[in-house]
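*Asks:* Please find the sequence and the predicted model below.
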Amino acid sequence: MANLPRTSRRTFLAVGGLAALALGAGGAWYRATHTPAAHRFALDGEARAALHAIAPAILDGALAHDPGRRAQQLKSAIDAVEAAIRGLPQATQEEVQDLFGLLALRPARRLLTGVPTGWESADIGHVSAFLQDWRVHRLGMMRSAYGALHDLVLGAWYAQPASWDAIGYPGPPGVPA
(Lines give C-alpha, C1' and ligand atoms only; values in the text may rest on other atoms or scores of the structure.)
Protein backbone atom coordinates (compact mmCIF):
# COMPACT_ATOMS: atom_id res chain seq x y z
CA MET A 1 0.00 0.00 0.00
CA ALA A 2 1.38 3.41 -0.92
CA ASN A 3 2.29 5.85 1.79
CA LEU A 4 -0.48 8.40 1.87
CA PRO A 5 0.15 11.80 3.41
CA ARG A 6 -1.19 11.98 6.90
CA THR A 7 -4.04 14.42 7.41
CA SER A 8 -3.57 16.73 10.34
CA ARG A 9 -6.32 17.44 12.81
CA ARG A 10 -6.30 21.09 11.72
CA THR A 11 -6.83 20.12 8.07
CA PHE A 12 -9.58 17.69 9.00
CA LEU A 13 -11.41 20.36 11.05
CA ALA A 14 -10.96 22.95 8.30
CA VAL A 15 -12.39 20.63 5.64
CA GLY A 16 -15.26 19.69 7.97
CA GLY A 17 -15.98 23.36 8.64
CA LEU A 18 -15.97 24.17 4.94
CA ALA A 19 -18.29 21.25 4.23
CA ALA A 20 -20.68 22.46 6.95
CA LEU A 21 -20.61 25.97 5.48
CA ALA A 22 -21.28 24.57 2.01
CA LEU A 23 -24.27 22.57 3.29
CA GLY A 24 -25.56 25.60 5.18
CA ALA A 25 -25.18 27.80 2.11
CA GLY A 26 -26.94 25.18 0.00
CA GLY A 27 -29.81 25.02 2.48
CA ALA A 28 -30.09 28.81 2.53
CA TRP A 29 -30.04 28.90 -1.27
CA TYR A 30 -32.75 26.23 -1.45
CA ARG A 31 -34.95 28.07 1.03
CA ALA A 32 -34.47 31.36 -0.84
CA THR A 33 -35.31 29.88 -4.24
CA HIS A 34 -38.10 27.54 -3.13
CA THR A 35 -40.15 29.82 -0.93
CA PRO A 36 -43.79 28.74 -0.67
CA ALA A 37 -46.59 31.19 0.05
CA ALA A 38 -46.33 32.77 3.49
CA HIS A 39 -47.32 30.43 6.30
CA ARG A 40 -48.16 27.65 3.87
CA PHE A 41 -46.03 24.56 3.51
CA ALA A 42 -45.81 23.10 0.03
CA LEU A 43 -44.06 19.99 -1.21
CA ASP A 44 -42.17 21.02 -4.32
CA GLY A 45 -41.09 18.56 -7.00
CA GLU A 46 -37.85 17.49 -5.29
CA ALA A 47 -39.49 17.03 -1.88
CA ARG A 48 -42.33 15.08 -3.48
CA ALA A 49 -39.78 12.91 -5.33
CA ALA A 50 -37.94 12.26 -2.05
CA LEU A 51 -41.18 11.23 -0.35
CA HIS A 52 -42.08 9.07 -3.34
CA ALA A 53 -38.82 7.15 -2.73
CA ILE A 54 -38.98 7.18 1.09
CA ALA A 55 -42.65 6.27 1.64
CA PRO A 56 -42.45 2.78 0.04
CA ALA A 57 -39.48 1.93 2.27
CA ILE A 58 -41.40 2.98 5.38
CA LEU A 59 -44.67 1.40 4.23
CA ASP A 60 -42.97 -1.81 3.10
CA GLY A 61 -45.58 -4.57 3.01
CA ALA A 62 -48.54 -2.22 3.44
CA LEU A 63 -48.75 -1.02 -0.16
CA ALA A 64 -50.64 -2.94 -2.85
CA HIS A 65 -48.66 -5.11 -5.27
CA ASP A 66 -50.71 -3.94 -8.27
CA PRO A 67 -48.71 -1.05 -9.82
CA GLY A 68 -51.76 1.10 -10.55
CA ARG A 69 -53.22 0.70 -7.08
CA ARG A 70 -49.79 1.17 -5.52
CA ALA A 71 -49.26 4.45 -7.40
CA GLN A 72 -52.65 5.73 -6.21
CA GLN A 73 -51.88 4.71 -2.62
CA LEU A 74 -48.52 6.49 -2.75
CA LYS A 75 -50.09 9.65 -4.15
CA SER A 76 -52.74 9.61 -1.41
CA ALA A 77 -50.12 9.01 1.27
CA ILE A 78 -47.88 11.83 0.02
CA ASP A 79 -50.84 14.22 -0.20
CA ALA A 80 -51.77 13.23 3.36
CA VAL A 81 -48.18 13.86 4.53
CA GLU A 82 -48.35 17.34 3.02
CA ALA A 83 -51.67 17.99 4.77
CA ALA A 84 -50.24 16.71 8.07
CA ILE A 85 -47.22 19.01 7.76
CA ARG A 86 -49.52 21.97 7.14
CA GLY A 87 -51.20 21.19 10.46
CA LEU A 88 -47.93 21.51 12.37
CA PRO A 89 -46.76 24.73 14.04
CA GLN A 90 -44.96 27.15 11.71
CA ALA A 91 -41.54 26.56 13.30
CA THR A 92 -41.92 22.81 12.84
CA GLN A 93 -43.04 23.29 9.23
CA GLU A 94 -39.85 25.27 8.61
CA GLU A 95 -37.72 22.49 10.12
CA VAL A 96 -39.43 19.92 7.90
CA GLN A 97 -38.94 22.24 4.90
CA ASP A 98 -35.22 22.44 5.78
CA LEU A 99 -35.02 18.64 5.96
CA PHE A 100 -36.58 18.29 2.52
CA GLY A 101 -34.28 21.06 1.28
CA LEU A 102 -31.25 19.05 2.33
CA LEU A 103 -32.67 15.88 0.81
CA ALA A 104 -33.20 17.76 -2.47
CA LEU A 105 -29.62 19.00 -2.81
CA ARG A 106 -27.44 16.41 -4.55
CA PRO A 107 -24.29 16.84 -2.39
CA ALA A 108 -26.31 16.81 0.83
CA ARG A 109 -28.39 13.84 -0.34
CA ARG A 110 -25.24 11.93 -1.22
CA LEU A 111 -23.54 12.80 2.07
CA LEU A 112 -26.54 12.26 4.38
CA THR A 113 -28.24 9.32 2.69
CA GLY A 114 -25.65 7.72 0.44
CA VAL A 115 -28.22 7.76 -2.38
CA PRO A 116 -26.01 8.46 -5.42
CA THR A 117 -28.76 9.11 -7.95
CA GLY A 118 -31.80 11.35 -8.01
CA TRP A 119 -34.79 10.31 -5.92
CA GLU A 120 -36.68 9.24 -9.05
CA SER A 121 -34.27 6.36 -9.59
CA ALA A 122 -33.43 5.59 -5.96
CA ASP A 123 -33.45 1.90 -5.12
CA ILE A 124 -35.78 0.88 -2.26
CA GLY A 125 -32.96 -1.17 -0.73
CA HIS A 126 -30.70 1.88 -0.65
CA VAL A 127 -33.48 4.01 0.85
CA SER A 128 -34.29 1.38 3.48
CA ALA A 129 -30.60 1.16 4.39
CA PHE A 130 -30.19 4.89 4.92
CA LEU A 131 -33.41 5.03 6.95
CA GLN A 132 -32.12 2.23 9.16
CA ASP A 133 -28.81 4.07 9.54
CA TRP A 134 -30.65 7.25 10.55
CA ARG A 135 -32.84 5.32 12.99
CA VAL A 136 -29.86 4.16 15.04
CA HIS A 137 -27.45 7.00 14.23
CA ARG A 138 -25.21 8.29 17.01
CA LEU A 139 -26.31 11.87 16.33
CA GLY A 140 -29.67 12.77 17.80
CA MET A 141 -30.43 15.08 14.88
CA MET A 142 -30.29 12.17 12.45
CA ARG A 143 -32.52 10.07 14.70
CA SER A 144 -34.94 13.01 14.90
CA ALA A 145 -34.98 13.35 11.11
CA TYR A 146 -35.74 9.63 10.81
CA GLY A 147 -38.47 9.95 13.44
CA ALA A 148 -40.03 12.88 11.61
CA LEU A 149 -40.12 11.05 8.27
CA HIS A 150 -41.31 7.81 9.87
CA ASP A 151 -44.07 9.42 11.93
CA LEU A 152 -45.27 11.68 9.12
CA VAL A 153 -45.51 8.83 6.61
CA LEU A 154 -47.07 6.26 8.96
CA GLY A 155 -49.36 8.82 10.59
CA ALA A 156 -50.60 10.01 7.22
CA TRP A 157 -51.02 6.43 5.99
CA TYR A 158 -53.01 5.15 8.95
CA ALA A 159 -55.08 8.32 9.20
CA GLN A 160 -56.73 7.24 5.94
CA PRO A 161 -59.80 5.02 6.46
CA ALA A 162 -58.73 2.90 3.45
CA SER A 163 -55.75 1.66 5.53
CA TRP A 164 -57.75 0.56 8.56
CA ASP A 165 -58.93 -2.84 7.28
CA ALA A 166 -55.36 -4.07 6.84
CA ILE A 167 -54.68 -3.68 10.57
CA GLY A 168 -58.12 -4.74 11.79
CA TYR A 169 -59.06 -1.27 13.01
CA PRO A 170 -62.83 -0.77 12.75
CA GLY A 171 -62.54 3.01 12.95
CA PRO A 172 -63.51 5.40 15.69
CA PRO A 173 -66.74 4.52 17.51
CA GLY A 174 -69.76 6.06 15.85
CA VAL A 175 -67.90 7.22 12.73
CA PRO A 176 -68.56 5.19 9.57
CA ALA A 177 -65.45 4.40 7.50
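*Replies:* That came through, no problem.
*Asks:* tell me what the longest helix along the chain is packed against?
*Replies:* Across the chain, the helix with the greatest residue count (assigned by DSSP state H) is helix 9-33. Applying 3 or more C-beta pairs under 8 Å, 6 or more residues apart in numbering; DSSP states H and E, we find helix 9-33 packed against helix 90-104, helix 106-113. Where C-beta positions appear, they are placed from N, C-alpha and C, glycine not excepted.
*Asks:* Turn the ones you listed into a markdown table, including mean neighbour count, distance to A47 and mean pLDDT.
*Replies:* As requested, those are exported to a markdown table (neighbours: other C-beta atoms under 10 Å; distance: least, C-beta to C-beta, whole Å; pLDDT from 0 to 100):
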| stretch | mean neighbour count | distance to A47 | mean pLDDT |
| --- | --- | --- | --- |
| helix 90-104 | 17 | 4 | 90 |
| helix 106-113 | 16 | 12 | 88 |
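*Asks:* Which of the ones you listed sits closest to I167?
*Replies:* Within the helices and strands packed on helix 9-33, the stretch nearest I167 is helix 90-104; the backing value is 25.7 Å (C-beta to C-beta).
*Asks:* ok, and what's touching that closest one?
*Replies:* Contacts of helix 90-104 with the rest of the structure, by C-beta atoms under 8 Å, 6 or more residues apart in numbering, involve 23, 26-27, 30-31, 34, 36, 39, 41, 43-44, 46-47, 50, 85-86, 88, 108-109, 112-113, 119, 145, 148-149, 152.
*Asks:* the inter-axis angle of that helix versus helix 106-113?
*Replies:* 100 degrees (axes from the mean of the first three to the mean of the last three C-alpha atoms, to 10 degrees).
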